[in-house]
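Q: pasting the sequence and the predicted model now:
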Amino acid sequence: MEPVVVLVLCLFCLLFLSLWRQSSGRRKLPPGPTPLPIIGNILQIDVKNIVKSLTNLSKVYGPVFTLYLGVKPAVVLYGYEAVKEALIDVGENFAGRGNFPIFEKVNKGLGLVFSSGKEWKEIQRFTLMALRNFGMGKRSIENRVQEETRHLVEELRKTRGEGLLVTFIVTSLFSSEVLEIF
C-alpha cells in the first residue's frame with residue numbers, strides 16, 4: 001500500500017474512534033449541540049460575546065445543556081432556576097470538585113485543596129478539630145495574639161528607628177506561642 005493511503009486510512013480511523021467515544025459518552029449527559037471531533041463546540045461559541053451564545057443555545061436546548069470544550073464535556077446551567085435547583089435543592093449531588101489528574105497522581109487523591117467526597121470531609125473534620133485544639137473560636141487565642149503583639153511593639157520601640165533583625169523577634173514570638181499552647 002502507498003503511504004498516502006495508509007495515512008488517510010489512519011486519519012479516518014482516528015476520526016471514527018473520536019466520534020464513537022463522543023457519542024457513547026453523550027448518552028448520559030443533557031442534550032446539546034452536536035460536537036465536532038477534537039474541537040467540540042468551540043466554533044459555535046462567539047468568544048467576544050459568550051453570554052449571547054449561551055443564551056441562544058439555552059433557547060434551543062433548554063436551561064441545562066452540554067457543550068464540548070475540545071473533547072471534554074461541560075454541562076451548562078443557564079438561568080436562576082436551573083442553578084438554584086442544582087446547587088440548593090439537590091446540592092449533595094453537585095458538591096464534589098472536578099478532576100485534576102496531575103494532582104490526583106501526585107497526592108493520590110488526598111489533601112485539603114484537591115480532594116473531594118468522603119476524603120475531603122474527613123480531612124476537614126480533622127483540620128477543624130486540630131484548629132480548635134489550638135484555640136480557634138475561643139476568646140483566649142485573641143488575648144494571646146494581642147499580648148504577643150504588645151511585646152512585638154515594645155521590642156520595635158526599643159530599637160529607636162535603628163536597623164534590626166526582625167527574624168529573631170518574630171521567630172521567638174511564634175515559638176513562645178507554640179510552647180504556651182502545648
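A: All right, it came through fine. Residues are numbered from 1 along each chain as shown.

Q: now stretch 62-81: mean pLDDT?
A: In this model, stretch 62-81 carries a mean pLDDT of 89.

Q: quick check: residue 165 vs residue 154, distance?
A: Using CB to CB, to the nearest Å, residue 165 is found at 16 Å from residue 154. Glycine gets a C-beta too; all of them are placed from N, C-alpha and C.

Q: correction: residue 50
A: For residue 50, the distance to residue 154 - CB to CB - is 56 Å.

Q: same deal with residue 55?
A: 62 Å.

Q: which one of the two has more residues nearby?
A: Taking other CB atoms under 10 Å, residue 55 and residue 154 do not tie; residue 55 has more neighbours (12 against 9).

Q: spit out the contact partners of the more buried one.
A: residue 78 (CB atoms under 8 Å, 6 or more residues apart in numbering).

Q: domain map for the protein?
A: Domain assignment for the chain by automatic domain parsing gives 3-95, 139-181.

Q: which non-adjacent residue is nearest residue 79?
A: Nearest in space to residue 79, with sequence neighbours left out and distances taken as CB to CB, 6 or more residues apart in numbering, is residue 63 at 4.7 Å.

Q: burial count for the one you found?
A: Neighbours of residue 63 under the rule other CB under 10 Å: 17.

Q: looks like it contacts residue 75 (just checking).
A: No. In this structure, residue 63 is not within contact of residue 75 by CB atoms under 8 Å, at 11.0 Å.

Q: show me the contacts for residue 150.
A: Per CB under 8 Å, 6+ apart, neighbours of residue 150: none.

Q: ok, residue 75 next?
A: Contact analysis of residue 75 by CB under 8 Å, 6+ apart lists 29, 30, 64, 65, 66.

Q: OK, contacts around the third one?
A: With contacts defined as CB under 8 Å, 6+ apart, the neighbours of residue 64 are 30, 75, 76, 77, 78, 82, 86.

Q: okay, and the closest residue to the fourth one other than its chain neighbours sits in which element?
A: The reference is to residue 77. Residue nearest to residue 77 in three dimensions, not counting chain neighbours: residue 83, with 5.0 Å by CB to CB, 6+ apart. In the assignment (DSSP states H and E), residue 83 maps to helix 80-84.

Q: what's the spacing between that helix and its chain's center?
A: A distance of 21 Å separates the centroid of the chain from that of helix 80-84, by CA atoms, centre = their mean, to the nearest Å.

Q: can you check stretch 81-92 too?
A: With CA atoms, centre = their mean as the basis, the mean position of stretch 81-92 lies at 19 Å from the chain mean.

Q: confirm residue 66 sits in a strand?
A: Yes. According to DSSP: H, G, I helix; E, B strand; the rest coil, residue 66 belongs to a strand.
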